[in-house]
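coordinates only, no sequence provided:
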RNA sequence: GUCCCUAUCGUCUAGCCUGGCCCAGGACACCGGCCUUUCACGCCGGCGACGGGGGUUCGAAUCCCCCUGGGGACGCCA
């Protein structure tokens, strides 16, 4: 048992996106690998944007991906007493101060700083003031002004910044609520987090948080900043690059193991290996082979992995998922052919569950009409003898095993003197309504005697 | 603009720490062929990269410096 404690701390202002999911995954994997503890914390200090729906959406997505946590979820909105006492402590120690500058004044100062070619930092106007005006105020943390702040990142190595580049962060708003950069320090420390794994966009925050750990007498945890995920244009991944919500991929027919496998390989590698189950990952994952630079999200590769997992997935499980999709489309599979058999005929030809459902539809719903071009070519009057012969031989067998079906067609070929290429396409159109389907023998075997015969009779009646 | 980070095929990456086994390996995508009752699968083959410039060294993708490109941060958001 290790004493590794990691956490995932999303802010509930939307669904769980690709980037957040990867961060959560890395945390989860390391916790499981090391026998550590995975804490889930909801960072909802932004009252305006945080919603319960978002919390639910995030929880649901994590569950879908299989990322179970050991402690939490803890809500920061329920821990304000703790934060307030810590702000008071800093104020008491003289390590924080009240700032009466208004947002307008600050904005003006930022503009000026930017124009004169500098960094838009707070100038410390209120840092040493001694009066106590009767006016709204925020509390700022006194960031050291001299020297250097640095930390060792488990992925990027040493990162250091001159303190003169930093300014005094607001840790408590005018309304008395604490801000992110403060609560994240308090919580990571109070929850005894030993390793903070988070997005690379927090590197600058981390530098500024280090002095706060010291000021509050906390032990500074280890950090690992994972690189960002970008879109094809190398811009930060966003909606315009396509779906960024993890759950949107479930809707599109993706399997969670494909998503997990894709996510972990974006920025992490293990030699030449591409396929990893969750168990493989728990055994093999390590921060040591996480890359340092941002990566581009590649939907094609995700699709390929999904294809792989569909191909190798358990037909019974896949069948259940496909049945759900079909049910959503009003197709009841209860009285249709055996779903597991149906799935087996489709596993090699579907890239997503949605595609599989589309391909499976005809098994449960007899064609009401035939594809125009297909019918013209394969359901013409001159096929009458062929259909009658086919019906005859298929009526002759009771057990529609693959072998029996194949033998029946062999007989049709014998009697008609035709090659399969002259028979199959017509039967296919009669059975499925179009020209695309799994192998005819499979289709016939899975559909079974009653459905096959009835569909052939119907086609026979429609020859023209 | 300032600061931080980063840099191998179009993309994800191996190799870099511990220079020579690398005229750079794998995967996705793409192109060609084979298989074939349709669509797919599968199999075989191909295209394709060490950003540029200086060093160090007998020798550099690997070490050092500069430039350039890319990303991030600069909020009473997280």
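All right, it came through fine. All of these numbers come straight from a predicted model, not from anything done at the bench.

please make it C-alpha for all contacts and neighbour counts, starting now.
Noted.

name the residues of stretch A:409-429 that come out as buried.
Of all the residues in stretch A:409-429, those buried under the rule 16 or more other C-alpha atoms under 10 Å are A:409-413, A:423-429.

any chance of TSV for those, columns secondary structure, pLDDT and distance to residue A:57?
Output for those, formatted as TSV (DSSP: H, G, I helix; E, B strand; the rest coil; pLDDT from 0 to 100; distance: C-alpha to C-alpha, whole Å):
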residue	secondary structure	pLDDT	distance to residue A:57
A:409	helix	92	52
A:410	helix	91	55
A:411	helix	91	57
A:412	helix	91	56
A:413	helix	91	57
A:423	helix	90	51
A:424	helix	92	48
A:425	helix	93	47
A:426	helix	93	48
A:427	helix	95	47
A:428	helix	96	43
A:429	helix	95	43
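
make JSON lines from the residues you listed and add distance to residue A:174 to it.
Shown next, in JSON lines, are these (distance: C-alpha to C-alpha, whole Å):
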{"residue": "A:409", "distance to residue A:174": "82"}
{"residue": "A:410", "distance to residue A:174": "85"}
{"residue": "A:411", "distance to residue A:174": "87"}
{"residue": "A:412", "distance to residue A:174": "86"}
{"residue": "A:413", "distance to residue A:174": "86"}
{"residue": "A:423", "distance to residue A:174": "80"}
{"residue": "A:424", "distance to residue A:174": "77"}
{"residue": "A:425", "distance to residue A:174": "75"}
{"residue": "A:426", "distance to residue A:174": "76"}
{"residue": "A:427", "distance to residue A:174": "76"}
{"residue": "A:428", "distance to residue A:174": "72"}
{"residue": "A:429", "distance to residue A:174": "72"}
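
out of these, give me the two with the largest separation.
The span of the buried residues of stretch A:409-429, defined through C-alpha to C-alpha, is set by A:411 and A:429 at 20.3 Å.

contact partners for the one residue in the stretch 201-350 of chain A that gets nearest to RNA strand B?
When distances are taken as C-alpha to the nearest atom of the strand, the stretch 201-350 of chain A reaches nearest to RNA strand B at residue A:267, 2.6 Å away. Counting by C-alpha atoms under 8 Å, 6 or more residues apart in numbering, residue A:267 touches A:227, A:290-295.

per-residue pLDDT of it, please?
At residue A:267, the model reports a pLDDT of 92.

just want the phi and psi numbers for residue A:400.
The phi/psi pair for residue A:400 (degrees, to the nearest 10) reads phi -90, psi 60.

er, residue A:332 I mean
Torsion angles, degrees, to the nearest 10, at residue A:332: phi -90, psi 120.

list the contacts for the residue nearest to it when sequence neighbours are not counted?
Sequence neighbours aside, residue A:326 is the residue nearest to residue A:332 in space, at 7.0 Å (criterion: C-alpha to C-alpha, 6 or more residues apart in numbering). For residue A:326, the contact set (C-alpha under 8 Å, 6+ apart) comprises A:332-333, A:357, A:361.

related to what we said a few turns ago, dump the contacts of residue A:267 into TSV; add neighbour count, distance to RNA strand B and pLDDT as well.
Putting the contacts of residue A:267 into TSV (neighbours: other C-alpha atoms under 10 Å; distance: C-alpha to the nearest atom of the strand, whole Å; pLDDT from 0 to 100) gives the following:
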residue	neighbour count	distance to RNA strand B	pLDDT
A:227	22	7	96
A:290	23	7	96
A:291	16	6	95
A:292	16	5	95
A:293	12	4	94
A:294	16	6	95
A:295	18	4	95
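
which residues touch residue A:411?
Contacts of residue A:411 (C-alpha under 8 Å, 6+ apart): residue A:393.
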